[in-house]
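# Need the 3D shape of this:
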Amino acid sequence: MPPDQKRAYDEAIAAIRGGDFDRSVSLLTSFQRKHADSAYNDSVRFWLGNAFYGKRDYKEAIAAFRSFIAGAGNHPRAPEAMLALANSQAEMKDARGARKTIEELMKTYPKSEAAQAGKERLASIR
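The predicted model follows:
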């Protein structure tokens, strides 16, 4: 991993952890443009979804999480991304979509912590 990529990635993650979601979105989208072939790109898409969610930009969060899941279904964070996708859908008042995403999460990753959390969340989505 080239040091400039690692530095840029670490800076973006530090921004998320610090709650600076605007800056994080900016850094992560810049990273994607500059390093389209980076080994970090799956993680970048995942964290971008989280940064958009943190900004309450649920429409963009949904797009980022869908992109991550489509491109990295075997990634260790894929179940977590599906739960975050469902949460974003619920925030957008798409209860049907959120329930469908959680059902898919439970079917695809039945043993994951995210599936257990999703199962509990299902009852509260109306």
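
# where does this protein dip in pLDDT?
Per-residue confidence of the chain (counting by pLDDT under 70) places no residue in a weak region.

# if you set the cut-off to 90 instead, what comes out?
Under the criterion of pLDDT under 90, the regions of the chain flagged as low confidence span 1-2, 36, 73, 121-126.

# Show me the helices in it, by range?
For the chain, the helices defined by DSSP state H cover 3-17, 21-34, 41-54, 58-71, 78-91, 95-108, 113-122.

# Quick one: neighbours of Tyr40, just the number.
A count of nearby residues for Tyr40, using other Cβ atoms under 10 Å, gives 20. The way it works is simple: take the backbone N, C-alpha and C, and place the C-beta from them, glycine included.

# Now it: closest residue in space, sequence neighbours ignored.
The shortest distance from Tyr40 to any residue that is not its chain neighbour, by Cβ to Cβ, 6 or more residues apart in numbering, is 5.0 Å, and that residue is Tyr9.

# Do I have it right that that neighbour meets Ser43?
Yes. With contact defined as Cβ atoms under 8 Å, Tyr9 reaches Ser43; the gap is 7.4 Å.

# The two: which has the busier surroundings?
Set Tyr9 next to Ser43 and count neighbours by other Cβ under 10 Å: Tyr9 wins out with 22 against 18.
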